[in-house]
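*Asks:* structure of the sequence below:
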Amino acid sequence: MEQFVSQGTFTIPEMSKAVGVSLPTATSAINELIKAGLVREVGKKDISSGRIPMAYDLVPNAGYFVGVNPEMDCLALAASDFCGNLITEKIRVPYTYENTPENLEQMAKIINNFISTLPYAKEEILQICVNIAERVNPFEGNAYNMFTFLEESLTSKLTKLIQIPVCIENDTRSMTFAEFIKGRSKGLKNVIFANVCWGLAIGIIIDGKLYYGKSGYSGEFGHMTAYNNNIICHCGKIGCIETEVSGRALKRKLTEKILNGKTSILSDKVLNKKEELTLKDLLEAIDKEDVLSLATLQNIADELGKQLAGVINIFNPEMLVIGGEMSATGDYLTLPARMGIKKFSLNIVNEDSQIVTSSLKGLAGITGACLMARHRLLNDSIKG
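*Replies:* A predicted model of the protein is given here:
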């Protein structure tokens, strides 16, 4: 099944070679999956010579999955078919992401309302995956920064509230998986995904597999100490990369400049309305080419490249994908970052790596959550 998930359509000879089993064994496995209603024939595959083989793929309506991606001030949801294709999505559902019982109840209510609008029965949804930022142990179903008041696992509580099996995953790892299955890094083996949003983290793929670390906490790149700036990170440490390279850093730096007399289209909100800037405010100002916002972003992008240069030196990836909410700024973020990587990494190493912007953009989180729900279900079924 894993081959269908990662590569799509296969012939029996291709499956035999990919998995490393004999043709009779591959044929038997395909027949079992067809009998289970999970795989179907999709037609003959044209090849240059010899007998034309039959191609096989997953059955789209064999089951459905729901993905959920909380952001700072909203919730994004999507449903996918068994092939991993998004059927419908609903983004920017009003929601305040807080560590309270009421907030968790509200999340479950929004998910249940979304499920009620889908064009198939609730029983056809095989699994739900909810992305959670920062420290997550997906194997135990626990989150260590959100919903910490629970006496049971987060997955157990959500399963009870929604009455459908629920798994959780780190949001950056879900986005990494989405790019690997459906996006820019499809078909590659060694990939780094940089999630540049309100915070900063990386997802890691080594030899075609997601890297979790011992308990699922890998990728906390933003919380490496890199600056002697005496700025306290939201994690409680001082001088983390995230204090200079993140949406939080962009907000702080831009607000400070406005308070010190610099002019921006956001000046009125900061000086007169006395309101805190949101990431949405910042991205809109950049989209409108606000000079002060662009200059501040340039500084952050330069630092991003400098720090990612170390990641390139350590992992020597085929591709580094820059994604997350701030990747919506496109070349304003990616070009300076690419130059910083080139300047501060070893030439012989960075020449191996493509530096690209996410192709899934704002849908990476919910796409990844849907794909992860399927991935975890199939893997647990195989283990079971």
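*Asks:* where's the residue positioned nearest the centre of the chain, which helix or strand?
*Replies:* Among the residues of the chain, the one closest to the centroid is Met175, at 1.4 Å (Cα atoms, centre = their mean). Per DSSP states H and E, Met175 falls inside helix 171-182.
*Asks:* CA atoms only: put that helix into PDB for me.
*Replies:* C-alpha atoms of helix 171-182 as PDB (Å, rounded to 0.1, in the frame of the first residue of the first chain):
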ATOM      1  CA  ASP A 171       1.900  20.700  11.800                       C
ATOM      2  CA  THR A 172       5.300  21.200  10.100                       C
ATOM      3  CA  ARG A 173       5.600  17.400   9.700                       C
ATOM      4  CA  SER A 174       2.200  17.200   8.000                       C
ATOM      5  CA  MET A 175       3.100  20.100   5.700                       C
ATOM      6  CA  THR A 176       6.400  18.300   4.900                       C
ATOM      7  CA  PHE A 177       4.500  15.100   4.000                       C
ATOM      8  CA  ALA A 178       2.100  17.000   1.800                       C
ATOM      9  CA  GLU A 179       4.900  18.500  -0.300                       C
ATOM     10  CA  PHE A 180       6.500  15.000  -0.500                       C
ATOM     11  CA  ILE A 181       3.300  13.300  -1.700                       C
ATOM     12  CA  LYS A 182       1.600  16.000  -3.700                       C
END
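*Asks:* pLDDT of the next helix or strand along the chain from it, averaged?
*Replies:* As assigned by DSSP H and E, the chain's next helix or strand after helix 171-182 is strand 191-196. Mean per-residue pLDDT for strand 191-196: 97.
*Asks:* now the angle between helix 171-182 and strand 191-196, please.
*Replies:* 130 degrees (axes from the mean of the first three to the mean of the last three Cα atoms, to 10 degrees).
*Asks:* contacts for strand 191-196?
*Replies:* With contacts defined as Cβ atoms under 8 Å, 6 or more residues apart in numbering, strand 191-196 is touched by 171-172, 175-176, 179-180, 185, 200-205, 221, 245-247, 304, 308, 311-312, 315, 317-327, 333, 358. From N, CA and C alone the C-beta is placed, and that goes for glycine too.
*Asks:* mind running it again at 6 Å?
*Replies:* 172, 175-176, 179, 185, 201-203, 205, 311, 315, 317, 319-324, 326 (Cβ atoms under 6 Å, 6 or more residues apart in numbering).
*Asks:* give me the subset of these lying in helices.
*Replies:* Of these, the ones assigned to helices by DSSP state H are Thr172, Met175, Thr176, Glu179, Val311, Phe315.
*Asks:* using TSV, lay out these together with pLDDT and distance to Lys280.
*Replies:* Converted to TSV, these look like this (pLDDT from 0 to 100; distance: Cβ to Cβ, whole Å):
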residue	pLDDT	distance to Lys280
Thr172	97	20
Met175	97	19
Thr176	97	24
Glu179	96	23
Val311	96	28
Phe315	96	32
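*Asks:* tell me which of those residues is nearest to Glu276?
*Replies:* Lowest distance from Glu276 to the ones in helices among the contacts of strand 191-196 (Cβ to Cβ) belongs to Thr172, with 24.5 Å.
*Asks:* pretty sure the closest one contacts Ala201?
*Replies:* Yes: assessed by Cβ atoms under 6 Å, Thr172 is found in contact with Ala201 at 4.2 Å.
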